[in-house]
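Participant: For reference, the sequence and a predicted model appear below.
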Amino acid sequence: MKAFVADGQWAPKEGYKPTKDELARKRAVIGSNVWRNPTFELKNLPTPNIADDEVLIAVKRCGICGSDTHLYETSTDGYIQFSGPVSLPQTIGHEYSGVVVKTGGAVRNLKEGDMVAVESIHWCGSCTPCRSGAFNQCQNVELIGITAPGALAEFIAAKERHCWVINGLRRIYPEDDIFDLGALIEPVGCAYNGIFIGGGGIKPGAAVVVFGIGPIGLAAVALSRLAGANLVIAFDVQQKRLDIAKALGADYVCNVNELKKIGILPREKIMELTDGYGAELQIEAAGAARLTVPEMENSLAVNGKLIYLGRSATSAEVMLDILVSGANSIIGVRGHSGYGIYNNIIRLLSTGRLQIKPIISSYYDFRETLTALEKSVERKDAKCLIRIG
């Protein structure tokens with residue numbers, strides 16, 4: 001089968017000492033500290049064999065995620081930007097949908113021909129966090145397309161427990177749209193997890209602010225509007241993304257660079273638009289905490305929550321007195337597994353209540369994957385989808 005494979009040079013940064021496990025498995029805990037000079041190539045690989053509890057999926061769509069961009073994009077000294085665990089060489093890609101073409105002997109709830117969307121956080125189910133319901137914090141987690149074989153390939157093997165049937169979308173969508181939407185469930189799930197699970201949801205009438213209007217930020221806009229937010233404000237530096245946010249229900253979209261030209265800080269704009277009260281929920285989906293967190297903490301409403309979804313190996317100054325005075329909180333959230341997240345998103349899609357198709361801003365054929373990665377660095381698109389099958 002054809003597969004798009006990333007590789008790189010194992011070269012720990014000066015002062016960073018890999019653990020014995022990292023050395024034995026060539027699996028860096030913090031990829032940006034170890035992997036250097038990445039390469040990408042479309043290769044011929046064997047079609048995966050499946051275990052008894054797995055299915056073989058013919059991949060139809062796979063999205064280019066910010067994580068993929070951070071594998072491709074390097075620092076000035078050639079190190080990848082992704083700060084999570086990384087094992088190379090690796091078939092990349094993890095936001096995908098497809099069709100089951102073969103089932104293992106122990107598979108009970110899936111059959112050949114089922115259309116599926118698949119979680120990319122492959123939790124083990126046996127560690128204490130998993131057994132306590134915290135699947136996204138699995139101690140033995142494998143990240144599809146980063147530490148385990150991914151979906152920018154013609155076929156992928158997946159555990160039955162990580163697959164979700166999306167056949168029900170046939171009620172209102174043609175097949176091509178079903179696969180498109182199926183590949184969006186993973187990033188939408190991250191936003192859902194942040195707002196409703198980690199953040200505890202919003203009250204109808206609340207004000208919501210989203211910093212960083214990539215796919216997860218755009219999903220946060222759509223979900224907040226659907227959940228009854230009275231006011232949704234979106235900040236980004238790319239006008240194309242802000243235009244999509246407007247189409248998904250944002251009341252106000254603000255180009256940070258344009259605000260800067262006229263001497264207005266994002267915090268000032270938020271306080272102006274909320275009549276001085278601030279926003280009850282603020283979501284960081286930009287991965288630029290040093291720039292965004294000061295703006296967010298200074299424009300939170302009383303009892304407001306700051307949800308950190310953007311991943312970056314950095315720190316940010318926080319004025320703790322502001323949190324104390326406002327009884328505010330900062331909550332870190334990762335992933336999309338558990339808590340009925342996939343099931344509920346599929347339900348919302350199957351009735352048409354959740355409209356997320358505008359998040360897709362461009363399509364590429366499988367052989368154009370490298371071009372899609374190159375374009376993703378510009379951060380002008382929302383979601384780039386690769387058509388595989």
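Facilitator: Here it is on my side, so go on.
Participant: Touching the helix or strand of the chain with the lowest mean pLDDT from outside, list them.
Facilitator: Ranked by mean pLDDT, DSSP states H and E, the helix or strand of the chain with the weakest confidence is helix 320-326, at a mean of 85. Contacts with helix 320-326, where a contact means CB atoms under 8 Å, 6 or more residues apart in numbering, come from 278, 297-298, 300-304, 328-330. In this view, the C-beta of every residue, glycine as well, is placed from N, C-alpha and C.
Participant: could you redo the last one with a cut-off of 6 Å?
Facilitator: Applying CB atoms under 6 Å, 6 or more residues apart in numbering, the contact partners of helix 320-326 are 297, 300, 302.
Participant: So what's the gap between it and the chain middle?
Facilitator: Distance of helix 320-326 from its chain centroid, counting by CA atoms, centre = their mean, to the nearest Å, is 30 Å.
Participant: same check, this time on stretch 95-105
Facilitator: The answer for stretch 95-105 is 21 Å, by CA atoms, centre = their mean.
Participant: picking up where we left off before, mind listing what the helix or strand just after the least confident helix or strand of the chain pairs with, with the direction of each?
Facilitator: Sequence order places strand 329-332 as the next helix or strand after helix 320-326, per DSSP states H and E. When pairing is defined by DSSP bridges, strand 329-332 lines up against strand 300-308 (parallel).
Participant: Could you pull out the buried residues of the strand it pairs with?
Facilitator: 300-301, 304-308 (16 or more other CB atoms under 10 Å).
Participant: Contact partners for the residue lying closest to Cys65 once chain neighbours are set aside?
Facilitator: Of all residues not flanking Cys65 in the chain, Glu95 sits nearest, at 5.5 Å (CB to CB, 6 or more residues apart in numbering). Counting by CB under 6 Å, 6+ apart, Glu95 makes contact with 63, 65, 183, 186.
Participant: Out of the residues you listed, which is nearest to Gln139?
Facilitator: Glu186 (21.3 Å; CB to CB).
Participant: Just give me the neighbour total for that closest one.
Facilitator: 28 (other CB atoms under 10 Å).
Participant: which stretches of the stretch 1-150 of the chain form helices?
Facilitator: Applying DSSP state H, counting those that start in this stretch to the stretch 1-150 of the chain gives helices spanning 20-25, 66-72, 128-131.
Participant: hmm, I was thinking of the stretch 151-300 of the chain
Facilitator: So, for the stretch 151-300 of the chain - with DSSP H, counting those that start in this stretch - the helices run 175-192, 215-226, 239-247, 256-261, 266-273, 289-297.
Participant: got the end-to-end distance for stretch 163-178?
Facilitator: 15 Å (CA to CA, to the nearest Å).
Participant: Pro89 and Lys2, how far apart?
Facilitator: 15 Å (CB to CB, to the nearest Å).
Participant: same thing with Glu284?
Facilitator: When CB to CB is the yardstick, Glu284 and Lys2 sit 37 Å from each other.
Participant: Equivalent analysis for Leu248, please.
Facilitator: 34 Å.
Participant: And Gly150, by the same measure?
Facilitator: Per CB to CB, Gly150 is found 13 Å from Lys2.
Participant: Those two: who's more crowded?
Facilitator: The residue with more neighbours, out of Gly150 and Lys2, is Gly150; 26 against 15, by other CB under 10 Å.
Participant: and that one, how far is that from Leu349?
Facilitator: Gly150 sits 23 Å away from Leu349, going by CB to CB.
Participant: okay, the helices of the stretch 151-300 of the chain in CSV with mean pLDDT next?
Facilitator: CSV is the format used below for those (pLDDT from 0 to 100):
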stretch, mean pLDDT
helix 175-192, 97
helix 215-226, 97
helix 239-247, 95
helix 256-261, 96
helix 266-273, 98
helix 289-297, 93
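Participant: what's the neighbour count on the residue lying closest to Ser97 once chain neighbours are set aside?
Facilitator: Leaving aside its chain neighbours, Ser97 sits nearest to Gly182 (2.9 Å; criterion: CB to CB, 6+ apart). Residues near Gly182, counting by other CB under 10 Å, number 26.
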